[in-house]
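Q: this one's sequence-less:
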């Protein structure tokens, strides 16, 4: 919930209204005694002084509370330009306070049977400017305090999200250089050598090198071009297809490179989905695991589909944190969520694509 500041929000609960009323009554009583101690000997005059003071205090409190409530709904402190919010708050608060002070002076003149033309007398300027100056100074202090609190909160939130992103990146690196992946790749390479197929063996080594180079180079980046991630995915899928053979069927439906140039995504996001598909589903030569990657340009999404055919995993393999970490990384970059779940006989994941 955003900081409501020192003023009462309009949508406050009844207990909050009662506490505010008690505070206003106490403040009005203290100010009445301090500003007009001579009225204590005359109950009628003191009552009038108290009512006027209470009117000023209540009107200023409600006016500022409405301003804070309105701005919290339309321009929260957490926006990327908090100083702009502070200046707008002070400007609207000063304007609202001026309206309340002028309105109270009009009511006082009418209450004492004085003509409204007295508002134009020079002596009235002090009765308007002095309370306005005091109110502005108090509002500046209180709103600045709220500004600094929200700025600190936003900084803590950004630091927390950055740590989550860093943890997710490290987790991606850890998974990608997992000894099982390297072990399986080396076994596939050994088979190529034994089959006396040097051309495929050389290509396999080059693709394996590109996979690990991309993993290491992308760890320091928040986002990478979609085209780079797709090239990496092709190398990664080449390694998997070499290992699994006809048990893995891959289809990539992508537009021309020019249509993808504007899109970015977190590094290794696509690799995570491809790895999960191979890891969590069975694949047979007679009934291959089907993977399809397609780009939804209109929806600015990268869609990954795979045959939903879950296989039993060892307890240590099924951590369940991959998609959670990916979702956390996206939350740091965009408000658009990662969508995933079964659709018929497929498991579908839609990755939002980012535009810089």
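A: Good, I have the coordinates. All of these numbers come straight from a predicted model, not from anything done at the bench.
Q: pLDDT at the closest residue to residue 293 other than its chain neighbours, what is it?
A: Nearest non-adjacent residue to residue 293, counting by Cβ to Cβ, 6 or more residues apart in numbering: residue 252, 4.7 Å away. Any C-beta I mention is one placed from the backbone N, CA and C, and that applies to glycine too. pLDDT for residue 252: 90.
Q: what's in contact with the one helix or strand residue 252 maps to?
A: Counting by DSSP states H and E, the element that carries residue 252 is strand 248-253. For strand 248-253, contacts defined as Cβ atoms under 8 Å, 6 or more residues apart in numbering pick out 230, 234, 237, 240-241, 278, 283, 288-295.
Q: please identify which pair of the residues you listed lies farthest apart.
A: Largest separation among the contacts of strand 248-253 by Cβ to Cβ: 283 and 295, giving 24.5 Å.
Q: which stretches of the stretch 1-150 of the chain have low pLDDT?
A: Residue ranges of the stretch 1-150 of the chain with pLDDT under 70: 1-14, 16-17, 77-82, 142-143, 145-146.
Q: if we use 50, what do you get?
A: 1-6, 8 (pLDDT under 50).
Q: and the gap between the nearest residue to residue 238 once chain neighbours are set aside and residue 21?
A: Counting by Cβ to Cβ, 6+ apart, residue 238 lies nearest to residue 207, which is 4.8 Å off, once chain neighbours are set aside. From residue 207 across to residue 21, the span is 73 Å (Cβ to Cβ, to the nearest Å).
Q: so for these two, which sits in the more crowded spot?
A: Neighbours were counted for residue 207 and for residue 21 using other Cβ atoms under 10 Å; residue 207 has more, 17 against 14.
Q: can you give me the helices for this structure?
A: With helices called from DSSP state H, the chain shows them at 14-35, 43-74, 82-111, 122-176, 179-194, 198-218, 226-244, 257-260, 269-280, 322-333.
Q: can I get those in CSV including distance to residue 306?
A: As requested, the helices of the chain are exported to CSV (distance: least, Cβ to Cβ, whole Å):
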stretch, distance to residue 306
helix 14-35, 53
helix 43-74, 43
helix 82-111, 44
helix 122-176, 17
helix 179-194, 18
helix 198-218, 20
helix 226-244, 12
helix 257-260, 21
helix 269-280, 4
helix 322-333, 13
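Q: out of those helices, which is closest to residue 310?
A: helix 269-280 (6.0 Å).
Q: what angle separates that closest one from helix 322-333?
A: Helix 269-280 runs at 170 degrees relative to helix 322-333, counting by axes from the mean of the first three to the mean of the last three Cα atoms, to 10 degrees.
Q: pLDDT of helix 269-280, averaged?
A: Mean predicted lDDT for helix 269-280 stands at 88.
Q: hmm, who's touching it?
A: So helix 269-280 is in contact with 172, 175-176, 229-230, 232-233, 236-237, 240, 244, 248, 289, 291, 293, 302, 304, 306, 310-311, 313, 317-318, 322-323, 326, 329, 347, 349, 351, going by Cβ under 8 Å, 6+ apart.
Q: show me what counts as buried in it.
A: For helix 269-280, the buried set under the neighbour-count rule, 16 or more other Cβ atoms under 10 Å, comprises 269, 270, 271, 272, 273, 274, 275, 276, 277, 278, 280.
Q: tell me the angle of that helix relative to helix 198-218?
A: 120 degrees.
Q: which residue is the nearest non-sequential neighbour of residue 55?
A: Nearest non-adjacent residue to residue 55 (Cβ to Cβ, 6+ apart): residue 104, at 5.5 Å.
Q: which ones are touching the one you found?
A: Residue 104 neighbours (Cβ under 8 Å, 6+ apart): 52, 55, 56, 59.
Q: residue 126 versus that one, what's the distance?
A: 14 Å.
Q: same deal with residue 278?
A: 80 Å.
Q: try residue 29
A: To residue 126, residue 29 is 24 Å away according to Cβ to Cβ.
Q: go on, residue 191?
A: Counting by Cβ to Cβ, the gap from residue 191 to residue 126 is 95 Å.
Q: these two: which is more packed in?
A: More crowded of residue 191 and residue 126, by other Cβ under 10 Å: residue 191, with 15 against 9.
Q: and the pLDDT at that one?
A: Note for residue 191: predicted pLDDT of 81.
Q: and if you look at residue 225?
A: Taking residue 225 on its own, its pLDDT is 93.
Q: how about it: what's its closest non-neighbour residue?
A: Per Cβ to Cβ, 6+ apart, closest to residue 225 is residue 264, 5.9 Å.
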